[in-house]
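Visitor: need a structure here:
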Amino acid sequence: MSTHAARFRSRNYWNCAAAVFQEWLREPTQVASVVPSSPVLLNQIVDRDCIKTASSIIDLGPGTGGTTEAILDRANDTCRVLAIEKTEGFIEPLRSIDDARLTIEHGDVIELERILLAHDVRSPDVILSGIPFSSLSPDAAASIMQSIHRVLASDGTFIAYQLRNDVARYAEKHFGTPESTEMVWLNIPPLTIYTWRKNGPY
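Guide: A predicted model of the protein is given here:
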């Protein structure tokens, strides 16, 4: 277990769960779940060598920060983690994560390239996305995917955990078929984890 894990336990699960439920009630098409992600899902997302060895990781749509905590728990001590969250109700729970490696940006992923430039993050090794691509307009989804592929390191990894398979359709043009797909049933709702590896520059 990471030496960083203990500090995460002080976060109140029920406060995070309440924030997720409230935002789901307010914007059900924009929030993928009514409860935070399960430990089983989080473990399958982040228990990877690419997370453990990364110099920089981007967490898109982290919600209240379950994935962000899990990333920080596995990442090395010098890794930079940038979490980009659009939903205002999730920002306070995210900011309760006490870790100097973490930067939180309250913004829209449609501006991914501008946000990374503002934070001087170049060619991240890993990009994770919990953004429900099925709820985006086709133009927005295509634009975000193009930006993800463009900014990702030449041998970087893109991981998306999704309820529907729309993300694969948008990713295929840039990344090809997924390196792996894993269904996680022990989550509400069950989600699929898609993993792509970028081969060479854009």
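
Visitor: Isn't residue 141 up against residue 135?
Guide: No. With contact defined as Cβ atoms under 8 Å, residue 141 does not count as touching residue 135 (9.0 Å). For every residue, glycine as well, the C-beta is placed using N, CA and C.

Visitor: Looking at the two, which has the bigger crowd around it?
Guide: Taking neighbours as other Cβ atoms under 10 Å, residue 141 and residue 135 compare with residue 141 leading, 21 against 17.

Visitor: Please identify the helix or strand for the more buried one.
Guide: Assigned by DSSP states H and E, residue 141 belongs to helix 138-151.

Visitor: What is that helix packed up against?
Guide: Where contact means 3 or more Cβ pairs under 8 Å, 6 or more residues apart in numbering; DSSP states H and E, helix 138-151 is packed against helix 112-118, strand 126-129, helix 166-175.

Visitor: Show me what the last one is packed against.
Guide: This points to helix 166-175. Counting contacts by 3+ Cβ pairs under 8 Å, 6+ apart, helix 166-175 is packed against helix 138-151, strand 157-162, strand 191-197.

Visitor: and the angle from whichever helix or strand comes after that helix to strand 157-162?
Guide: Per DSSP H and E, the first helix or strand lying C-terminal to helix 166-175 is strand 180-184. Orientation of strand 180-184 against strand 157-162 (axes from the mean of the first three to the mean of the last three Cα atoms, to 10 degrees) gives an angle of 30 degrees.

Visitor: just for this protein, where's the confidence low?
Guide: Where the chain drops to pLDDT under 70, the residues are 1-36, 200-202.

Visitor: Recalculate using a threshold of 50.
Guide: 1-3, 5-10, 14, 17, 19, 21, 24-25, 28, 34 (pLDDT under 50).

Visitor: Sounds good, over and out.
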